[in-house]
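Student: Predicted model, plus sequence, below.
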Amino acid sequence: MIAATDTTQTATQFAESIAALPPLPSTAQQILTCFGDEFIDADKVTAVVEGDPGICAKLLGLSNSAYFGLAEPVNSIGEAIARVLGVDTVRSLVLAMAIQQSFNNRNCPQFDTERFWMQSLMAAECCKKIAVADPESGDAARDLAYSAGLIHNLGLMALVHMEPVRTNAILKVHAAEAEPDTLVSRFVAEFGTDHKVMTAELARIWSLPTPMLLAYQYRAFGGASCDERLGMVVAAGVAAVENTEVDPELRFDLRPWAENLGLDVDDLQGFAHLNE
């Protein structure tokens with residue numbers, strides 16, 4: 001915990017750390033141009049991926065993983081798009097993978113990278129299902145729901161990168177208690193901000209699509225009655241996914257989101273299960 005006498009100095013140092021965050025990687029900048037297209041150009045997405053060998057290898061590895069159980073291997077990004085992932089999912093995954101390359105998590109052993117990305121993928125799938133089921137979600141919400149869910153927690157990656165030792169201590173205590181809604185208060189007590197606010201700030205700094213920025217601002221600052229549709233979808237999807245990992249008595253009450261989204265609360269929770 002930060003001592004009172006250290007608060008001003010720490011706030012200044014933290015602001016400097018935010019200013020020193022790396023710029024949005026070139027691959028992410030290139031793939032973002034695909035988000036403004038009315039129709040996603042598979043050839044354009046393929047060209048961006050093939051220009052980044054690291055991301056290309058990761059996507060091919062994912063396509064050939066046991067999760068998909070293909071009889072014949074996928075040998076190119078074009079095949080991955082056509083046979084396995086689809087162009088919209090590849091676009092979103094490339095953005096997430098490119099952003100991940102900006103951050104160093106090696107000095108924060110409590111940050112479980114594999115678990116982080118599994119949660120992110122679950123959130124992406126859940127948000128996509130919610131947006132499709134929600135009668136009031138427009139085209140923008142449906143088109144961006146998967147992407148917004150996938151990188152909804154990039155602020156946590158930033159905190160791990162900026163303040164690995166202090167973030168590690170917070171994550172260690174949080175893991176021992178396993179109460180999902182206490183992480184925000186712990187980050188605020190230590191840094192004066194939290195991972196949700198950091199996500200919104202990075203979306204602003206990096207000029208992510210406006211609907212995604214508004215969604216993250218809603219999740220950081222808004223209540224369940226906010227009329228930002230994609231924000232409601234992301235907040236509900238993330239909460240539903242987090243509910244799958246905690247004891248029933250600690251789960252979020254999804255009824256406010258279900259009511260605002262015109263969904264049955266059991267259906268909303270069910271969207272968090274990948275196999276449904």
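Tutor: Nice, thanks for sending it over.
Student: Quick one: low-confidence residue ranges for the stretch 1-150 of the chain.
Tutor: Counting by pLDDT under 70, the stretch 1-150 of the chain has low-confidence residues at 1-16, 37-38.
Student: ranges for the helices of it?
Tutor: All helices of the stretch 1-150 of the chain, identified by DSSP state H, counting those that start in this stretch, fall at 7-19, 26-32, 42-50, 53-63, 77-79, 87-100, 113-133, 139-150.
Student: Those into a markdown table, with extra columns for mean neighbour count and distance to residue 161?
Tutor: Where you see a C-beta, it was placed from the backbone N, CA and C, and this is true even at glycine. As requested, these are exported to a markdown table (neighbours: other C-beta atoms under 10 Å; distance: least, C-beta to C-beta, whole Å):
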| stretch | mean neighbour count | distance to residue 161 |
| --- | --- | --- |
| helix 7-19 | 12 | 9 |
| helix 26-32 | 19 | 15 |
| helix 42-50 | 18 | 24 |
| helix 53-63 | 17 | 18 |
| helix 77-79 | 18 | 28 |
| helix 87-100 | 23 | 10 |
| helix 113-133 | 20 | 12 |
| helix 139-150 | 23 | 18 |
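Student: how about those helices in TSV, adding distance to residue 254?
Tutor: What follows is those, written out as TSV (distance: least, C-beta to C-beta, whole Å):
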stretch	distance to residue 254
helix 7-19	32
helix 26-32	31
helix 42-50	34
helix 53-63	30
helix 77-79	37
helix 87-100	24
helix 113-133	11
helix 139-150	15
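Student: which stretch among the ones you listed comes nearest residue 186?
Tutor: The minimum distance between residue 186 and the helices of the stretch 1-150 of the chain falls on helix 7-19, with 15.0 Å, by C-beta to C-beta.
Student: Domain parsing of this structure, as residue ranges.
Tutor: 7-20+107-276, 23-102 (automatic domain parsing).
Student: quick revisit: between the helices of the stretch 1-150 of the chain, which one is nearest to residue 237?
Tutor: Ranking the helices of the stretch 1-150 of the chain by their distance to residue 237 (criterion: C-beta to C-beta) puts helix 113-133 first, at 3.7 Å.
Student: Check which helices and strands that closest one is in contact with.
Tutor: helix 139-150, helix 229-243 (3 or more C-beta pairs under 8 Å, 6 or more residues apart in numbering; DSSP states H and E).
Student: what does it contact?
Tutor: When contacts are taken as C-beta atoms under 8 Å, 6 or more residues apart in numbering, the neighbours of helix 113-133 outside the stretch itself are 92, 96, 105, 137, 141-142, 145-153, 156-157, 230, 233-234, 236-238, 240-242, 244-245, 261, 263, 267-268, 271-272, 274.
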